[in-house]
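S.K.: Return atomic coordinates for the entry below.
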Amino acid sequence: MSAGAGQLPAPYWWLFAGQAVNSSASFVLPFLALFLTARGFRTEEAGLVVGLFGGGLLVSGPLAGLTADRFGRRPTILVSLFGGAAATAVLPALHQPAALAAAVGLLGLVASAYRPASSAAVVDLVPPEGRTRAFGLLYWVANLGMSLSAAGGGLLAARGFGLLFLFDAATTLVFALLVWWQVPETRPAAPAGGATPGGYREVLADRWLLLLLGLQLLFLVPFLQFMVALPVHMSQLGLGPAVYGRVLAVNGVAIALLQPLAARWLRGLDAGPVLAVASALVGIGVGAYGLCASAWQFAGATLLWSLGEILAFPTVATLVAALAPAHLRGRYQGLYSVVWGVAMLVSPVLGASVLDRLGARALFSGCLVTCLAVAAGHLAAGPGRRRRLAALAQAEGSRTAA
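M.R.: Okay, here's the model as predicted:
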């Protein structure tokens with residue numbers, strides 16, 4: 001590790017290590033649509049079931065944010081990881097459509113509940129000037145692992161899905177054990193008098209947060225088309241699971257190589273233009289899928305939207321953290337998880353439906369237009385958001401001095 005890396009505390013690095021292990025076998029979501037179609041689901045039905053994962057996130061995000069603020073980051077993370085490992089291990093043993101749909105919804109409920117608590121712990125542990133780098137490194141190691149799991153998962157999926165999901169469950173369990181062993185509670189002490197002010201009503205009154213999350217939702221719906229629409233479209237062109245796995249691995253490799261450099265590029269830059277460029281790149285990359293016919297063309301389009309992803313997600317995570325008061329960090333991250341849940345509910349259903357009814361070019365062209373609109377929104381919101389963040393930083397400085 002570099003000298004700069006040493007500025008991040010030890011519990012952060014254990015979260016980092018757990019994320020590295022867990023992401024190295026993150027097989028369920030990338031291959032869930034193919035798993036379901038192999039079990040006899042039609043494309044639209046598979047999209048609906050994958051959407052149930054997002055439905056689980058809609059519940060788990062606010063609940064995990066609440067429990068992280070009220071009961072602590074550590075117990076929330078542990079319940080999520082142990083529950084996610086169990087739900088993942090059970091999934092390949094199920095064959096009935098209703099049972100599979102229920103299991104996917106349950107998996108969405110428990111498997112990602114650790115994320116708001118883990119993100120809140122990072123904000124607790126890392127000072128503001130280090131958070132973009134801290135979130136960027138977590139995103140980097142997650143995608144490094146996913147690049148390996150996408151390529152290896154494609155080969156394993158060609159031989160069956162049982163072993164694929166059991167590997168995923170095992171690495172989730174290892175993450176849980178690392179947190180149990182090495183990560184202490186990080187929740188800030190309650191204010192004098194024992195009362196914890198605020199709640200989700202206070203979070204929902206933050207219009208700058210709501211604007212940011214609204215734009216992020218519009219961004220995520222096109223971005224997540226790689227989950228259902230992309231593999232189904234590639235399959236229709238005669239490009240099977242192994243090719244899809246290699247194409248998706250391009251995303252992970254690009255992030256593994258470029259994300260550490262991006263932390264330096266992004267330092268001191270205004271978030272508005274960064275997010276506008278990121279949205280445009282994702283729109284162009286996903287939009288290009290409608291014109292692709294070969295594995296190399298799909299890989300090139302994937303590289304384009306990967307560049308936008310590298311810029312977008314650490315920047316948004318840092319903005320959410322910067323807007324959050326200390327006593328509401330879990331709830332702010334929980335509401336951010338809701339945006340992911342809505343996107344994962346809407347994106348697969350909408351993408352599969354448009355793909356079936358209107359075709360690939362209509363779907364991916366719509367993704368391009370949506371992302372360009374998001375880019376314009378970030379440019380328009382930038383000046384006001386800068387003033388809001390400056391006011392929050394000044395108020396936090398005044399409280400610290402007092």
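S.K.: Might one say that Tyr244 is in contact with Val228?
M.R.: No. Tyr244 lies out of contact with Val228 (Cβ atoms under 8 Å); the separation is 11.4 Å. Just so you know, the C-beta spots here come from the backbone N, C-alpha and C atoms, and that holds for glycine as well.
S.K.: Kindly tell me how buried Phe71 is, as a neighbour count.
M.R.: 15 (other Cβ atoms under 10 Å).
S.K.: do the same with Leu379
M.R.: 15.
S.K.: Would you mind giving me the confidence score for the residue nearest to it when sequence neighbours are not counted?
M.R.: Sequence neighbours aside, Ala276 is the residue nearest to Leu379 in space, at 4.9 Å (criterion: Cβ to Cβ, 6 or more residues apart in numbering). Ala276 carries a pLDDT score of 95 in this model.
S.K.: so who does Ala276 touch?
M.R.: By Cβ atoms under 8 Å, 6 or more residues apart in numbering, the contact set of Ala276 is Ala375, Ala376, His378, Leu379.
S.K.: What is the helix or strand where Met234 lies packed up against?
M.R.: For Met234, the element it lies in under DSSP states H and E is helix 229-236. Helices and strands touching helix 229-236, by 3 or more Cβ pairs under 8 Å, 6 or more residues apart in numbering; DSSP states H and E, are helix 28-38, helix 241-266, helix 329-357, helix 360-401.
S.K.: so which of these comes closest to Glu309?
M.R.: With respect to Glu309, and counting by Cβ to Cβ, the nearest of the helices and strands packed on helix 229-236 is helix 241-266 at 6.9 Å.
S.K.: circling back: most surrounded residue in the contacts of Ala276?
M.R.: Result: His378 is most packed of the contacts of Ala276 (other Cβ under 10 Å), 27 neighbours.
S.K.: give the contact list for it.
M.R.: Counting by Cβ under 8 Å, 6+ apart, the residues that His378 touches are Leu215, Ala271, Gly272, Pro273, Leu275, Ala276, Ser279.
S.K.: Least confident of those?
M.R.: Ala271 (81).
S.K.: Chain neighbours aside, what residue packs nearest to that residue?
M.R.: That would be Thr315: by Cβ to Cβ, 6+ apart, it lies 5.3 Å from Ala271.
S.K.: gap between the one you found and Arg385?
M.R.: Distance, Thr315 to Arg385, by Cβ to Cβ, to the nearest Å: 12 Å.
S.K.: Now do the shared contacts for these two.
M.R.: Common neighbours of Thr315 and Arg385, counting by Cβ under 8 Å, 6+ apart, are Ala271.
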